[in-house]
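Asks: here are the coordinates; sequence isn't available:
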């Protein structure tokens, strides 16, 4: 290679480096990413040049058709724990044994959070918590304690994490650096949950609505054990219920065996 050819290669390499730097700087300022045309308008680079350079940049990824972003900022956290989730609608229930009081209603508007408590003639107490800004899922422990305080004058038995049930909850997770183009909402109905993905003004929101109730204690166990999948947590709950039924059945079987032995002893 001649000296002149070396100079041309070096110059071309330097130009590419400056173009890459411009592209990266622009995409780092755009959390939701950008198209080659948007990058061209912002950097004054040729669109075709940008299209040819983008696949060569390691920390830039095409995450949807014609849309690129810097991936070292994170499209999403690599691993979620339940503490990363929030909720904005929750229904918690508790069955009061031998309830003989009247139908009871109580409402409270705490600006950011609205509380609605009802007790039916059958003793089923229901606490609905709704909030416009999502609440961190850890607050469910506080909600359960507050539920117990509200029911203190209506029941003699303690309201615990084991006898309060989460009948319905909407889990949310916001992705602040992803945008949804075209269709603004995708809804998938599964056996255990109702899944929705939709575009908010400032973020992309993933939402789960549960279909089966579970105890507050199970929710606390989920928070402690940090599951990454709600369906997995539901399966854990189902296995626990099966274990409880097995223990009950074993106890009943043992009682029957003991009675049988007792009768045989009397005959002899």
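Replies: Thanks, I have it. Note that the coordinates shown come from a computational prediction; the quantities given were computed from them, not determined experimentally. Numbers count the residues shown, from 1 in each chain.

Asks: residues near the closest residue to residue 162 other than its chain neighbours, how many?
Replies: Leaving aside its sequence neighbours, residue 162 sits nearest to residue 217 (CB to CB, 6 or more residues apart in numbering; 5.0 Å). Placement of C-beta: from N, CA and C, glycine included. Residues lying near residue 217 (other CB atoms under 10 Å) number 17.

Asks: Can you report the mean pLDDT over the residues of the one helix or strand residue 217 maps to?
Replies: Element membership of residue 217 [criterion: DSSP states H and E] is helix 216-225. Taken as a whole, helix 216-225 has a mean pLDDT of 75.

Asks: what's the answer for stretch 112-121, then?
Replies: 92.

Asks: Make 18 the first number, not 1, from now on.
Replies: Sure, I'll start numbering at 18, so the last one becomes stretch 129-138.

Asks: Pull out the buried positions in it.
Replies: 130, 132, 134, 136 (16 or more other CB atoms under 10 Å).

Asks: Same check on stretch 150-167?
Replies: 151-152, 154, 156-157, 160-161, 163-165, 167.

Asks: in the stretch 118-267 of the chain, what spans have low per-residue confidence?
Replies: Confidence mapping of the stretch 118-267 of the chain against pLDDT under 70 gives the ranges 193-200, 205, 207-209, 219, 241-261, 263-264.

Asks: Which residue ranges of the protein form strands?
Replies: 77-81, 84-87, 103-112, 121-126, 130-136, 141-153, 181-192, 202-206, 210-216, 221-227, 231-232 (DSSP state E).

Asks: among the ones you listed, which is the most enclosed?
Replies: Of all those, strand 84-87 has the most neighbours on average by mean count of other CB atoms under 10 Å, namely a mean of 22.
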